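[1] Next come a sequence and a model predicted from it.
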Amino acid sequence: MKSANIVLIGDGAIGSSYAFNLLTSGVGGSLGIIDVNMTRVQGDVEDLSDALPYVAQKSIYAASYADVEYADLVVITAGVAQKPGETRLQLLAKNAAIITDITKNIMANHFDGIILVASNPVDVLTELVLRLTGLPRNRVLGSGTALDSARLRSEIGRRYNIDVRTVHAYIMGEHGDSEFPVWEFATIGGQPLTEFVPQAQQAGDFAALSDRVKKAAYSIIEKKGATFYGIAASLTRLTAAIINDDHAAFAMSVHLQGEYGLRDVSIGVPVILGGHGLDRILQLDLNTEDLAKLTNSAQVLKDNLATVI
C-alpha cells in the first residue's frame with residue numbers, strides 16, 4: 001500500500017491543499033483528481049507537477065470516475081463550503097445530494113478500496129456513503145473529530161507551554177456544535193491532565209479550552225473565508241496511516257454497532273486506523289456525563305440523517 005493509488009474527489013481549497021500536502025510529504029504513489037471543474041483540475045495537475053523535482057516522485061493526473069476501479073483509497077472533499085456564521089449541519093441538504101451522486105459514480109465503476117469522507121457535515125455524510133455503498137464499515141470512514149482533537153492538543157500545549165507532540169487528547173461526538181472533550185483521557189507526557197493542572201484551575205481552564213476548539217472553525221472562516229490547511233494536514237496523516245498500515249490512534253467518524261451503547265450512526269470516537277481502514281474501535285470507560293453527551297450528539301446526527309434518506 002505504500003505506493004497506493006489515491007483518487008481525490010473535490011479540488012477546492014481543502015482538496016488542493018490536501019493534494020499539495022500529499023506531494024510534499026511523499027504519501028502515496030499516484031494521485032488522480034476529479035472535480036466538476038476539470039479545467040481547474042488540469043491547472044492544479046500542471047502546478048503540482050512543477051514541484052516534482054523537489055519532492056518524492058508521484059504520478060499526478062486529472063482523473064475520471066473510471067479511474068476509481070484502480071484506486072486503493074478515495075478521499076471525498078467535494079461539496080458546498082461553510083460560510084461565516086453557518087453551522088456544518090446547515091450544509092446537509094445541498095451536500096447530501098452532491099455526495100449521493102459522487103457515491104453512485106464511485107460504485108458504478110467497480111471500486112473495491114477504502115473511502116475517506118471529509119465533506120461536511122462529515123458524520124452524517126459518512127453514514128450516508130456507508131449506506132449507499134453497502135461496503136463494510138471498516139472501509140467507509142469520516143475524518144470526524146481528528147482535526148478537533150488536533151486543535152485540542154494544540155490549545156493544551158499553548159496554554160501550559162508544552163510541546164504539543166507530548167499531548168494526547170480526544171474530542172468525541174459530532175464534528176460540530178455537539179462535540180466535547182474527554183478530559184479524563186487527556187495526558188501530557190503520560191500524566192493525566194487532571195493531575196497536571198491544579199484542581200482549582202480545572203473548571204475555568206477546561207471550559208475555555210473546549211470553547212476555543214469548538215469555535216475554531218467559525219473564527220477562521222470569519223477571518224479568511226474557509227479552513228483548509230488544518231484539515232488537509234489531518235487528511236494527509238490519516239491517509240498515511242492507512243497506506244503505511246500504521247495501526248495508529250485517531251478520533252474518527254465511524255459506524256457504531258453497539259459500541260458506547262449506540263447503533264446506526266457514524267460519529268467521532270477513538271479508533272485504531274490501519275491498512276484495512278478501521279482496525280478497531282477504542283471503547284473508553286466514559287463517565288456518566290460524557291456518555292450522555294455522546295448519546296445526545298448521536299441523536300442530533302440521527303435526526304439530521306433522517307432528513308436525507
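    Done, it's in.
[2] how about the helix or strand encompassing Asp211 as PDB, C-alpha atoms only?
    For Asp211, the host element (DSSP states H and E) is helix 199-214. Only the C-alpha atoms of helix 199-214 are listed here, as PDB (Å, rounded to 0.1, in the frame of the first residue of the first chain):
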ATOM      1  CA  GLN A 199      -7.800  21.300  40.600                       C
ATOM      2  CA  ALA A 200      -8.700  24.900  41.400                       C
ATOM      3  CA  GLN A 201      -7.900  25.800  37.800                       C
ATOM      4  CA  GLN A 202      -9.500  22.900  36.000                       C
ATOM      5  CA  ALA A 203     -13.100  24.200  35.600                       C
ATOM      6  CA  GLY A 204     -12.100  27.500  34.200                       C
ATOM      7  CA  ASP A 205      -9.200  26.200  32.100                       C
ATOM      8  CA  PHE A 206     -11.100  23.300  30.600                       C
ATOM      9  CA  ALA A 207     -14.200  25.300  29.800                       C
ATOM     10  CA  ALA A 208     -12.000  27.900  27.900                       C
ATOM     11  CA  LEU A 209     -10.100  25.200  26.100                       C
ATOM     12  CA  SER A 210     -13.200  23.400  25.000                       C
ATOM     13  CA  ASP A 211     -14.800  26.700  23.800                       C
ATOM     14  CA  ARG A 212     -11.800  27.700  21.700                       C
ATOM     15  CA  VAL A 213     -11.700  24.300  20.000                       C
ATOM     16  CA  LYS A 214     -15.500  24.300  19.300                       C
END
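[3] any idea of the angle the helix-or-strand element of the chain with minimal mean pLDDT forms with helix 199-214?
    For the chain, counting by mean pLDDT, DSSP states H and E, helix 216-224 ranks last in confidence among helices and strands (a mean of 89). On the basis of axes from the mean of the first three to the mean of the last three CA atoms, to 10 degrees, helix 216-224 is oriented at 50 degrees to helix 199-214.
[4] roughly how far apart are Asn161 and Phe206?
    17 Å (CB to CB, to the nearest Å). C-beta here means a position set from N, CA and C on the backbone, and glycine is covered the same way.
[5] Looking at those two, which is more packed in?
    Comparing Asn161 with Phe206 by other CB atoms under 10 Å, the one with more neighbours is Phe206, at 18 against 6.
[6] and the more buried one, what does it touch?
    181, 183, 197 (CB atoms under 8 Å, 6 or more residues apart in numbering).
[7] Please repeat the previous calculation with a cut-off of 10 Å.
    For Phe206, the contact set (CB atoms under 10 Å, 6 or more residues apart in numbering) comprises 156, 159, 181, 183, 186, 193-194, 197.
[8] do Ile106 as well
    7, 9, 34, 65, 68-69, 71, 74, 76, 113, 115, 129, 132-133, 135.
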